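> just coords:
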């Protein structure tokens, strides 16, 4: 829909930088979620190398809840003004 | 005072890089200070969304003390040799 | 041995980027190792500013063990597929 | 400006991590419970207020002194050199 | 791609730090003891399995909603603009 | 060189955070108390000595082995290719 707009080199750089920042943000979100849910759900005595059923269902719920918290805070930050 | 020196492109890039690093450092200082003083001063049971008087005065003193520690360690590191 | 290969500008940039990433990785490894071994070996009541004999030998063993763990996990990750 | 965006996003991620850690501890349900949601809202609001207060206090302290280490002494002359060139 | 390498290396460093912290606590010996090595292996394997599961679950959730803050609304139009220019 | 500056500044920030956390716990006063200052000085000195010792020990271990993962195998040939081109 915006295909016939020809952005200047400056715009392109800005847009690319923006996309890169967002990618960084997503990777960080994934890393923090992974670390946090591991702390909350996985027994750190490591008696075996498999995740058991309890751990697996905890992880699924943890990801779901973490995602809800991300949305909730995003809404709080995003209402009217940019994040932060 | 150094206004009539014309720096080469290389110098400019170096200077710009330096300024950028220092900006990064300041942002990190702010973030670490914010996280640390929140941990030290704010009740994490979140019974209300306002900061109470005790928390506010704790935060002010925490910022002041954190800043003193930053200076103190800066002096230790900066005596004669660059930081680290 | 590969001295007479003339890499394109693109390759050079890629290679340089790769080397930079690896440098970053090494610095991070050093920082994490330093923080971790300080936590494990050094008394954080700071009764003196010197490391005592017990702390020094703990640090040496900690570095050695941390390095073994780095290798061990590197082998696990590196078997056949790239890290992660 | 882009640095600012990155730092906002980083702060956003830290805020989520903190409030999740402080407010969510049981995983019997897939969705956020009412009291968890209230806790997260308060946590985020409280942290943002705190963050603004820290920023305010920090600006009132002299930055020059904060960066009174060697690297800091490079900057003032940088400004002298770079500014007129624009 | 390079971002991916950096993130892999960062993940690698975090994994080492975590498994070292959880599995190594005595420093009477210079080399890793047998039960420490077993613990590290299980820790790393468990974390990788966990990490894959989180990635799988996360992909099944809508990214659009996750980035439903202001910055996220810039991206879709970015794609529209940038794609044809290639 | 600039990477070095950034890493020094990052280390500096971590050092401040650590010593503040370990040494400062009461907020009845606005300025650093005498025994807090002594604690911070010792903490910083001890950490720097520790950091130097870790660096020394780490250099004595083979880096080649440390980076004995796939990515590490790219580096030696990089040097071969890039060096003569300068």
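Right, received. Where do you want to start? Remember, predicted model here, so these are calculated numbers, not experimental data.
> use CA for all of it now, contacts and neighbours both
OK.
> next up, the contacts around the closest residue to chain B within chain D.
Chain D approaches chain B most closely through residue D:42 (4.3 Å), counting by C-alpha to the nearest C-alpha. Taking C-alpha atoms under 8 Å, 6 or more residues apart in numbering or on different chains as the contact definition, residue D:42 lies against B:46, B:47, B:48, B:49, B:50.
> the same query, at a cut-off of 10 Å, please.
Shown in contact with residue D:42 (C-alpha atoms under 10 Å, 6 or more residues apart in numbering or on different chains): B:44, B:45, B:46, B:47, B:48, B:49, B:50, D:19, D:23, D:36, D:48.
> wouldn't the fifth one be in contact with residue D:44 here?
No. At 11.0 Å, residue B:48 and residue D:44 do not qualify as touching, with contact defined as C-alpha atoms under 10 Å.
> who has more neighbours out of those two?
Ranked by neighbour count (other C-alpha atoms under 10 Å in any protein chain shown), residue B:48 and residue D:44 place residue D:44 first, with 22 against 15.
> let me know the pLDDT of residue D:7.
If you check residue D:7, the pLDDT there is 75.
> same question for residue D:72.
pLDDT at residue D:72 comes out at 37.
> ok, now which ones touch residue D:34?
So residue D:34 contacts residue D:40 (C-alpha under 10 Å, 6+ apart).
> give me the three-state assignment for the residue in chain D positioned nearest to chain C.
The minimum distance from chain D to chain C, using C-alpha to the nearest C-alpha, falls at residue D:10 (18.4 Å). Secondary structure assignment for residue D:10 (DSSP: H, G, I helix; E, B strand; the rest coil): helix.
> got the phi/psi numbers for the nearest residue to it once chain neighbours are set aside?
Counting by C-alpha to C-alpha, 6 or more residues apart in numbering or on different chains, residue A:25 is the residue found nearest to residue D:10 once chain neighbours are left out, at 6.8 Å. With angles defined as degrees, to the nearest 10, residue A:25 sits at phi -60, psi -40.
> buried only: go through the contacts of residue D:42 for me.
Neighbour-count burial (16 or more other C-alpha atoms under 10 Å in any protein chain shown) is assigned, among the contacts of residue D:42, to B:44, B:46, B:49, B:50, D:19, D:23, D:36, D:48.
> which members of these define the maximum pairwise distance?
By the measure C-alpha to C-alpha, D:36 and D:48 form the most distant pair in these, at 18.3 Å.
> now the helices for chain A?
Assigned by DSSP state H, chain A shows helices spanning A:9-41, A:53-78.
> what's near enough to touch residue A:49?
Contacts of residue A:49 (C-alpha under 10 Å, 6+ apart): E:38, E:39, E:40, E:41, E:42, E:43, E:44, E:45, E:46, E:47, E:48, E:49.
> against residue F:39, how distant is the spatially most central residue of chain A?
The centroid of chain A falls nearest to residue A:29 when counting by C-alpha atoms, centre = their mean (3.1 Å). From residue A:29 across to residue F:39, the span is 36 Å (C-alpha to C-alpha, to the nearest Å).
> go on, residue A:63?
41 Å.
> what's the burial count for residue D:25?
12.
> okay, now the unreliable bits of chain D?
Low-confidence regions of chain D, defined by pLDDT under 70, span residues D:1-4, D:62-86.
> need the longest helix for it.
helix D:34-60.
> quick one: work out the angle between that helix and helix B:53-78.
50 degrees (axes from the mean of the first three to the mean of the last three C-alpha atoms, to 10 degrees).
> quick check: buried residues in helix D:34-60?
So, applying 16+ other C-alpha under 10 Å, buried residues of helix D:34-60: D:36-48, D:50-51, D:53-55, D:58.
> could you check the angle that helix makes with helix B:9-41?
Using the same axes, to 10 degrees: helix D:34-60 against helix B:9-41 is 130 degrees.
> on that earlier part again, just checking, the residue nearest to residue D:10 touches residue E:7?
No. Counting by C-alpha under 10 Å, residue A:25 does not reach residue E:7; the two are 11.7 Å apart.
> overlap in contacts, the two.
Taking C-alpha under 10 Å, 6+ apart as the contact definition, residue A:25 and residue E:7 share the neighbouring residues residue A:31.
> so where does the residue nearest to residue A:61 when sequence neighbours are not counted fall, helix or strand?
Distance criterion C-alpha to C-alpha, 6+ apart; nearest residue to residue A:61, sequence neighbours excluded, is residue D:30 at 4.6 Å. Using DSSP states H and E, residue D:30 sits within no helix or strand.
> ok, now how distant is residue D:30 from residue D:8?
Taking C-alpha to C-alpha, one finds residue D:30 at 28 Å from residue D:8.
> for chain A, which helix or strand comes out least confident on mean pLDDT?
helix A:9-41 (a mean of 86; mean pLDDT, DSSP states H and E).
> roughly how far out does it sit from the chain middle?
The chain centre lies 7 Å from the centre of helix A:9-41; the measure is C-alpha atoms, centre = their mean, to the nearest Å.
> for it, buried residues please.
So, applying 16+ other C-alpha under 10 Å, buried residues of helix A:9-41: A:12, A:15-19, A:21-22, A:24-26, A:28-38, A:40-41.
> try stretch A:49-65
Across stretch A:49-65, burial judged by 16+ other C-alpha under 10 Å covers A:49-51, A:55-65.
> cool, and stretch A:64-72?
Residues of stretch A:64-72 classed as buried by neighbour count (16+ other C-alpha under 10 Å): A:64, A:65, A:66, A:67, A:68, A:69, A:70, A:71, A:72.
> what of stretch D:11-31?
So, applying 16+ other C-alpha under 10 Å, buried residues of stretch D:11-31: D:12-24, D:27, D:30-31.
> which of those residues fall within strands?
Per DSSP state E, strands hold no members of those.
> now, the residues you listed that are in helices?
Per DSSP H, the buried residues of stretch D:11-31 map to helices at D:12, D:13, D:14, D:15, D:16, D:17, D:18, D:19, D:20, D:21, D:22, D:23.
> wait, the third one sits on residue B:35?
Translated: residue D:14. Yes. With contacts counted by C-alpha under 10 Å, residue D:14 reaches residue B:35, the gap being 9.1 Å.
> spatially nearest residue to the residue in chain D positioned nearest to chain E, not counting backbone neighbours?
Taking C-alpha to the nearest C-alpha as the measure, the point where chain D comes nearest chain E is residue D:5, at 8.7 Å. Nearest residue to residue D:5, sequence neighbours excluded (C-alpha to C-alpha, 6+ apart): residue A:21, at 7.5 Å.
> how close does that neighbour sit to chain F?
According to C-alpha to the nearest C-alpha, to the nearest Å, residue A:21 stands 19 Å off from chain F.
> repeat that for residue D:31.
Note on residue D:31: its distance to chain F, by C-alpha to the nearest C-alpha, is 35 Å.
> next one: residue D:47
Distance, residue D:47 to chain F, using C-alpha to the nearest C-alpha: 19 Å.
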